[in-house]
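Enquirer: just the structure for this:
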Amino acid sequence: MKKQHGPLDDPLWVRAMRLVIAVTFLLVFLVTPLVLVFTAAFHDGPAAFWSAIQDPVALSAVRLTILTALVVVPLNVLFGIAAAWAIAKFEFPGRRLLITMIDLPFSVSPVIAGMLFVLLFGAHGFLGPLLEHNDIKIIFALPGIILATAFVTFPFVARELLPLMEAQENDPEEAALTLGASPWQMFRRVSLPRIKWGILYGAVLCNARAMGEFGAVSVVSGHIRGQTNTIPLHVEILYNEYQLSAAFAVASLLTVLAIVTLIAKSILEWKVGTK
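Expert: Model (predicted):
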């Protein structure tokens, strides 16, 4: 049998070239931007940096971003588990449609998604008069930000769990039910431990996207300073006002979040790989 040619069989200069291209790409598109963000953030000195971070408007944006993530991530975890469980374990009419709907936020622009919420819940939208009559405010308020963020992030947990659950056999669950376990006991003691790392992995990605979302939130927030601006929107306002040092100082918070997310993602990938 003829031996197949593999990457390790390439000449030394070919392997060296691939390594140089990869390292150059990482330096240009990853390391350099990170260095520039922190360099610009401290351009006017540490005092200016901390002043920008401790500004009441910036702190309001941080609180709103964290609050949105604290609401959206658990909701998407619950939805992701339920959707992945239904698709992986059962055959039912509309199964393919559900899979397609899960992928919808990946194909729809976040700005378009925000506009759809405005058309639905805005003052002149489909449900606008009814909401206004009952003094319920969704657009240009926290509920609209949560809805928009939930829409653009809900595929992450489901899409992470679906292939994992489809690859697993159903024998442990069937054995637990045969031995007298209730459906809840079966899920909590058998199914959940088998998918816990997938849940955490999807939640990390969902949280990162929730905190960094710009397009959909920009449409539904109204850009009310100190009330409906998340961290990305606050950075945009500072940048448009030529407060570059302050803009990069606040942006460095998202950069730190990205680094922490990357570390957590790598740890979870290692955990999943060892299972």
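Enquirer: how's the protein carved up into domains?
Expert: What automatic domain parsing lists as the domains of the chain is 1-41, 46-272.
Enquirer: just those domains: most buried one?
Expert: Counting by mean count of other C-beta atoms under 10 Å, domain 46-272 has the highest mean neighbour count of these, with a mean of 17. For every residue, glycine as well, the C-beta is placed using N, CA and C.
Enquirer: what's the average pLDDT for it?
Expert: Average pLDDT, domain 46-272: 89.
Enquirer: what about the strands in the stretch 51-200 of the chain?
Expert: Per DSSP state E, counting those that start in this stretch, the stretch 51-200 of the chain carries no strands over any range.
Enquirer: pull up the distance across stretch 17-37, start to finish.
Expert: End-to-end distance for stretch 17-37: 29 Å, by C-alpha to C-alpha, to the nearest Å.
Enquirer: please disregard the earlier target; I meant stretch 232-250.
Expert: Calculated as C-alpha to C-alpha, the first-to-last residue distance of stretch 232-250 is 9 Å.
Enquirer: how far off centre is that stretch?
Expert: 22 Å (C-alpha atoms, centre = their mean, to the nearest Å).
Enquirer: what's the answer for stretch 105-123, then?
Expert: Counting by C-alpha atoms, centre = their mean, stretch 105-123 comes out at 17 Å from the chain centroid.
Enquirer: hmm, who's touching that stretch?
Expert: Residues outside stretch 105-123 that contact it (C-beta atoms under 8 Å, 6 or more residues apart in numbering) are 125-128, 131-132, 138-139, 144, 147-148, 151-155, 213-220.
Enquirer: what do you get for stretch 64-78?
Expert: 142, 145-146, 149-150, 153-154, 156-158, 199, 202-203, 206-207, 210-211, 228-231.
Enquirer: what do you get if the cut-off is 7 Å, keeping everything else the same?
Expert: 145-146, 149-150, 153-154, 156-157, 199, 203, 206-207, 210-211, 230-231 (C-beta atoms under 7 Å, 6 or more residues apart in numbering).
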